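>>> I'd like to go over a predicted model; first the sequence, then the structure.
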Amino acid sequence: MTEQIAYVTLLPMALIRAVFWFALFIFFTFCFVVLFEYGTHDFANGFQKEFARVKSFVTKEAERVQKPKK
């Protein structure tokens, strides 16, 4: 009975850990793409440009999903 309780309490922590690793993977993939496209000399400026591009894409897609098609 104790093993089942321990399993139930560890499940939320495993989910948090999985979400953390997924977010870390997305972040470093984004950094790699920026580094590949802009190089080390213009990384900060490229990061800002690409982040703005991704942000506008996400907001545009979110607006498209919210508007029902008639």
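Received it, and whenever you're ready, just let me know what you need.
>>> so where's the longest helix in this structure?
helix 2-38 (DSSP state H).
>>> check which helices and strands the helix or strand following that helix sits against.
Proceeding N to C from helix 2-38, the next assigned helix or strand is helix 43-66, under DSSP states H and E. When contacts are defined as 3 or more Cβ pairs under 8 Å, 6 or more residues apart in numbering; DSSP states H and E, helix 43-66 sits against helix 2-38. For glycine as for every other residue, the C-beta is placed from the backbone atoms N, C-alpha and C.
>>> now the helix it packs on: buried residues?
V34, Y38 (16 or more other Cβ atoms under 10 Å).
>>> how far away from the center of its chain is it?
10 Å (Cα atoms, centre = their mean, to the nearest Å).
>>> who does that helix touch, helix- and strand-wise?
Partner elements for helix 2-38 (3+ Cβ pairs under 8 Å, 6+ apart): helix 43-66.
>>> which residues touch the helix it packs on?
If you take Cβ atoms under 8 Å, 6 or more residues apart in numbering as the criterion, helix 43-66 is touched by F30, C31, V33, V34, L35, E37, Y38, G39.
>>> pLDDT value on the fourth one, please?
With respect to pLDDT, V34 has a value of 96.
>>> distance of it relative to R17?
26 Å (Cβ to Cβ, to the nearest Å).
>>> the inter-axis angle of the longest helix of the chain versus helix 43-66?
Relative orientation of helix 2-38 versus helix 43-66 (axes from the mean of the first three to the mean of the last three Cα atoms, to 10 degrees): 120 degrees.
>>> so what's V33 closest to, chain neighbours aside?
E50 (7.1 Å; Cβ to Cβ, 6 or more residues apart in numbering).
>>> pull the number of nearby residues for that neighbour.
With neighbours defined by other Cβ atoms under 10 Å, the count for E50 comes to 16.
>>> what stretches of this protein score poorly on pLDDT?
Across the chain, the ranges flagged by pLDDT under 70 are 1-9, 68-70.
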